[in-house]
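A.B. asks: No sequence on hand, only this structure:
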């Protein structure tokens with residue numbers, strides 16, 4: 001609809017509505033103006049932008065006290081954009097000049113001294129107590145101290161956070177969490193991990209048994225001190241010189257190991273001397289040197305029994321078995337069933353593996369102990385020696401297998 005009135009009608013202009021005039025210029029995205037918009041839209045959008053710009057450029061509330069405080073009685077400057085920018089530029093130039101003067105040493109500015117807090121006061125190289133410094137040094141000292149404290153606070157914060165996390169974990173535990181260890185021998189062949197309290201309890205039990213067997217520390221020390229007085233200076237029996245000159249002799253005896261070491265050296269020396277007597281003797285003296293002893297054990301099926309004479313039985317030099325078949329071996333169970341055989345002692349004493357006797361042929365009761373008797377006779381130059389030795393092979397303890405049961 002065209003307007004019926006116009007302020008240009010008296011000037012010969014034909015009134016036309018702005019809604020009917022189209023903008024043919026380029027689109028302007030900054031004010032959302034598009035080619036083809038009416039002049040009414042164009043004028044409206046320009047008016048809106050102009051009002052917004054006017055609102056943003058309103059400097060009536062701008063606080064200029066910072067840039068004009070040097071003149072407290074001066075009237076407040078006009079708050080136009082041009083005037084404010086001019087003030088800022090002037091202020092900036094003044095500051096730039098001040099900085100240049102300070103750098104060149106031409107400024108009459110004197111840095112004030114500031115008192116150091118008690119915790120930052122120090123004694124200088126001249127031994128003087130410094131309680132105040134120039135403002136720049138004060139600021140630098142405070143900044144260094146703040147940085148150090150900041151680092152310390154950060155470290156403490158990190159540690160506190162870690163402690164808090166660990167405390168929460170501990171507080172949330174419903175049962176004690178003990179460490180576990182893998183035992184080497186206190187549980188026999190069982191090497192599965194055990195909690196520390198169980199391992200310690202078992203270790204204490206075994207320690208008490210061991211102390212009951214070996215005696216207390218005081219008793220062991222007293223036993224170690226029982227070595228004969230002057231034993232080191234005593235003459236050896238099996239060789240020339242004194243016992244103290246034998247290799248390995250402990251001159252100072254302070255432990256049971258030292259005492260035991262010397263005991264074995266003494267025993268071995270006596271044994272060497274006795275052997276010399278036995279080897280050089282004959283007849284009754286030779287029989288005195290005839291020691292009959294053996295160890296015995298059965299295999300898992302108890303069908304075979306092994307007798308070991310090596311390092312147990314001693315036969316004087318020159319003696320042989322009276323019977324070419326050897327000594328008589330008798331193995332009996334608790335029901336009276338008997339197995340008999342023979343073994344040549346002069347050969348058996350050199351057999352480190354032992355002599356095996358297959359007792360299965362006698363149908364012995366494998367669930368009973370075996371009583372083993374060896375009747376031996378040795379002879380030299382028509383003079384014989386007879387001795388008997390007995391050992392018992394016990395029934396091994398049954399193997400107990402753990403069974404795990406659960407209730408439905």
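C.D. replies: It's in. The structure presented is a predicted model; accordingly, all values stated were derived computationally and were not measured.

A.B. asks: and residue 177, how far is that from residue 169?
C.D. replies: Spatial separation of residue 177 from residue 169 under the definition CB to CB, to the nearest Å is 9 Å. The way it works is simple: take the backbone N, C-alpha and C, and place the C-beta from them, glycine included.

A.B. asks: List the contacts of residue 343.
C.D. replies: Applying CB atoms under 8 Å, 6 or more residues apart in numbering, we find residue 343 in contact with 307, 326, 327, 329, 355.

A.B. asks: Of these, which belong to strands?
C.D. replies: Among the contacts of residue 343, the residues falling in strands (DSSP state E) are 307, 327, 329, 355.

A.B. asks: Figure out how far the longest helix along the chain is from the centre of its chain.
C.D. replies: The helix that spans the most residues within the chain, counting by DSSP state H, is helix 135-172. Distance of helix 135-172 from its chain centroid, counting by CA atoms, centre = their mean, to the nearest Å, is 28 Å.

A.B. asks: re earlier: who wins on neighbours among the ones in strands among the contacts of residue 343?
C.D. replies: Ranked by neighbour count under the definition other CB atoms under 10 Å, these are headed by residue 327 with 28 neighbours.

A.B. asks: so it makes contact with residue 385?
C.D. replies: No: in terms of CB atoms under 8 Å, residue 327 does not count as a neighbour of residue 385; the distance is 11.7 Å.

A.B. asks: who touches both of those two?
C.D. replies: residue 377.

A.B. asks: Not counting sequence-adjacent ones, nearest residue to residue 361?
C.D. replies: The spatial neighbour of residue 361 that comes closest, neighbours along the chain excluded (CB to CB, 6 or more residues apart in numbering), is residue 339 at 7.1 Å.

A.B. asks: That should have said residue 34, apologies.
C.D. replies: Here the nearest residue to residue 34 in space, its sequence neighbours aside, is residue 27; by CB to CB, 6+ apart that works out to 4.7 Å.

A.B. asks: what packs against the strand or helix carrying residue 92?
C.D. replies: In this structure, residue 92 is located in helix 81-104 according to DSSP states H and E. Using 3 or more CB pairs under 8 Å, 6 or more residues apart in numbering; DSSP states H and E, the elements in contact with helix 81-104 are helix 65-68.

A.B. asks: So for the helix it packs on, mean pLDDT?
C.D. replies: Computed over helix 65-68, the mean pLDDT rounds to 66.

A.B. asks: For residue 314, which residues count as its bridge partners?
C.D. replies: For residue 314, the beta-bridge assignment (DSSP bridges) gives partners residue 291.

A.B. asks: quick revisit: any chance of the ones in strands among the contacts of residue 343 in CSV, with pLDDT too?
C.D. replies: Shown next, in CSV, are the ones in strands among the contacts of residue 343 (pLDDT from 0 to 100):
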residue, pLDDT
307, 96
327, 96
329, 97
355, 96
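
A.B. asks: now, which of those residues sits nearest residue 199?
C.D. replies: Among the ones in strands among the contacts of residue 343, residue 307 lies closest to residue 199 (CB to CB), at 41.0 Å.

A.B. asks: Quick check: residue 41 touching residue 22?
C.D. replies: No: using CB under 8 Å as the test, residue 41 is too far from residue 22 to be in contact (9.8 Å).

A.B. asks: Those two: which is more packed in?
C.D. replies: When residue 41 and residue 22 are compared on other CB under 10 Å, the one with more neighbours turns out to be residue 41, at 17 against 12.

A.B. asks: Now tell me what touches the helix or strand where that one lies from outside.
C.D. replies: Residue 41 is part of helix 39-56 when elements are defined by DSSP H and E. Taking CB under 8 Å, 6+ apart as the criterion, the residues outside helix 39-56 that touch it are 18, 19, 21, 22, 23, 31, 32, 33.

A.B. asks: Now, these that are in helices?
C.D. replies: Restricting the contacts of helix 39-56 to those inside helices, with DSSP H as the criterion, leaves an empty set.

A.B. asks: Which of those sits closest to residue 368?
C.D. replies: Minimum distance to residue 368 across the contacts of helix 39-56 is 115.0 Å, recorded for residue 32 (CB to CB).

A.B. asks: for the spatially closest residue to residue 186 that is not a sequence neighbour, helix, strand, or coil?
C.D. replies: Closest residue to residue 186 apart from its sequence neighbours, by CB to CB, 6+ apart: residue 202 at 5.1 Å. At residue 202, secondary structure determined by DSSP: H, G, I helix; E, B strand; the rest coil is helix.

A.B. asks: Tell me who's in contact with residue 202.
C.D. replies: 183, 186, 187, 194.

A.B. asks: any idea how far it lies from residue 42?
C.D. replies: Between residue 202 and residue 42 the computed distance is 99 Å (CB to CB).

A.B. asks: can you check residue 35 too?
C.D. replies: Between residue 35 and residue 42 the distance, using CB to CB, works out to 11 Å.

A.B. asks: Looking at these two, which one has more neighbours?
C.D. replies: residue 42 (19 against 11).

A.B. asks: In the stretch 201-350 of the chain, where is pLDDT below threshold?
C.D. replies: Low-confidence regions of the stretch 201-350 of the chain, defined here as pLDDT under 70, cover residues 275-286.

A.B. asks: Where do the helices of it begin and end?
C.D. replies: With DSSP state H, counting those that start in this stretch as the criterion, the stretch 201-350 of the chain has helices at 217-224, 256-280, 284-288, 345-348.

A.B. asks: Just name the most buried of those.
C.D. replies: With neighbours defined as mean count of other CB atoms under 10 Å, these peak in mean count at helix 345-348, which reaches a mean of 19.

A.B. asks: Nearest residue to the spatially most central residue of the chain in space, ignoring adjacent ones along the chain?
C.D. replies: Of all residues in the chain, the one closest to the mean position by CA atoms, centre = their mean is residue 179, 11.1 Å from it. On the basis of CB to CB, 6+ apart, the spatially nearest residue to residue 179 that is not a chain neighbour turns out to be residue 196, at 5.2 Å.

A.B. asks: number of nearby residues for the one you found?
C.D. replies: Residues within reach of residue 196, counting by other CB under 10 Å, total 11.

A.B. asks: name the element residue 385 belongs to?
C.D. replies: Taking DSSP H and E as the criterion, the element that holds residue 385 is strand 383-393.

A.B. asks: Now do the buried residues in that strand.
C.D. replies: Across strand 383-393, burial judged by 16 or more other CB atoms under 10 Å covers 385, 387, 389, 391, 393.
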